[in-house]
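Colleague: Mind folding the following:
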Amino acid sequence: MAEELLTSSGLSQVQPTGGNDRGTLRVDLANGLTIFPVHLKSNINNACSDATDANRALENMAIDVPAKLTTAIAQGFARQVDADKRNAAERERVIAAVKVVADKATAEGRTTIIAGDFNTSLEQGKAGSAFADCNLQPFECKKAPFPAAACVAGDGFDDTFAILTTPPIGASAFALLTQGLGRTYKDTAFADAAIDHMAVPAGDQADFKAPTLGCNAGVDLAQTDWAAKACQLHGSDHFAVVTTYDP
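Modeller: The predicted structure follows:
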């Protein structure tokens, strides 16, 4: 085994690393497949969590909740916006750096796949297609699909998928095997869209196909042409996503 510094430093349009970001492993299989597993930065907004926790604590103590706190939770606030943008930037940095090393494996003749918990979905207004981010506005602090109207005058603020598929970073465009797959996280309060994804170089997409899972018959958005989601959680808080590699 060897260790290599994974970095997006110096990559155009990607914010420089301000500390330690998450990494990946390179797993080379005998059949020519190379897997890069990822677990990108959580989309949890700590600023909103702090506000709602403070509100709950005051209510539990039968203390009047300040009007400013109630308004902040209902309408959002500047620190909440900063937290959302910072989370997106951390995901962008890591996926850009992973794509660089995945491109190296592809250049060696390997079939590469980047897969794991991306902690973000292809929601309208949130997922950008270029680096011209919108002017993100505050919005209500609650578990819910992202309100597209909060993204004003520009492209979405989270360019995680654009970095893979356009690509503004690296040598090749990747395709999402999971694009169009339904919710993969157990909590139904969020958008009905996958946050667990698999991406392969666009030219290799035909080498993957969705396996037959009988439970998926008649279930909305339970599979794409290339991937399927498991029928049960099996003790996890995510549904597993499955594909078959058949070159």
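Colleague: Tell me which helix or strand comes right after the longest helix along the chain.
Modeller: Looking only at the chain and at elements set by DSSP state H, the helix with the highest residue count is helix 78-107. Toward the C-terminus, helix 78-107 is succeeded by strand 111-117 as the next helix or strand (DSSP states H and E).
Colleague: and the next helix or strand after that following strand, what does it pack onto?
Modeller: The element immediately downstream of strand 111-117 (helix or strand, assigned by DSSP H and E) is strand 135-136. Packing contacts for strand 135-136, counted by 3 or more C-beta pairs under 8 Å, 6 or more residues apart in numbering; DSSP states H and E, involve helix 78-107, strand 151-152. The C-beta positions use only the backbone N, C-alpha and C, and glycine is treated the same way.
Colleague: What residues sit buried inside the first one?
Modeller: In other words, helix 78-107. Buried residues in helix 78-107, defined by neighbour count with 16 or more other C-beta atoms under 10 Å: 79-81, 83-84, 87-106.
Colleague: could you give the mean pLDDT of that helix?
Modeller: On average, the pLDDT along helix 78-107 is 93.
Colleague: That helix versus strand 111-117: what angle between them?
Modeller: Taking axes from the mean of the first three to the mean of the last three C-alpha atoms, to 10 degrees, helix 78-107 and strand 111-117 form an angle of 160 degrees between their directions.
Colleague: Which elements pack onto helix 78-107?
Modeller: strand 33-39, helix 46-60, strand 111-117, strand 135-136, helix 160-165.
Colleague: closest one to Ala210 among these?
Modeller: Ranking the helices and strands packed on helix 78-107 by proximity to Ala210 (C-beta to C-beta) places strand 111-117 first, at 14.4 Å.
Colleague: What pairs with that closest one, parallel or antiparallel?
Modeller: Under the criterion DSSP bridges, strand 111-117 sits next to strand 33-39 (parallel), strand 196-201 (antiparallel) in its sheet.
Colleague: want to try TSV for the ones you listed, with mean neighbour count as columns?
Modeller: As requested, those are arranged in TSV below (neighbours: other C-beta atoms under 10 Å):
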stretch	mean neighbour count
strand 33-39	19
strand 196-201	25
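Colleague: Tabulate those strands (TSV), appending mean pLDDT and distance to Ala210.
Modeller: Converted to TSV, those look like this (pLDDT from 0 to 100; distance: least, C-beta to C-beta, whole Å):
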stretch	mean pLDDT	distance to Ala210
strand 33-39	97	17
strand 196-201	97	11
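Colleague: Distance to Ala162 added to those, as CSV?
Modeller: Output for the strands paired with strand 111-117, formatted as CSV (distance: least, C-beta to C-beta, whole Å):
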stretch, distance to Ala162
strand 33-39, 16
strand 196-201, 12
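Colleague: if we can go back for a sec, with distance to Leu233 as extra columns, can I get the helices and strands packed on strand 135-136 in TSV?
Modeller: As requested, those are exported to TSV (distance: least, C-beta to C-beta, whole Å):
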stretch	distance to Leu233
helix 78-107	24
strand 151-152	31
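Colleague: Looking at those, which is nearest to Leu40?
Modeller: Distances from Leu40 to each of the helices and strands packed on strand 135-136 were compared by C-beta to C-beta, and the smallest falls on helix 78-107, at 4.4 Å.
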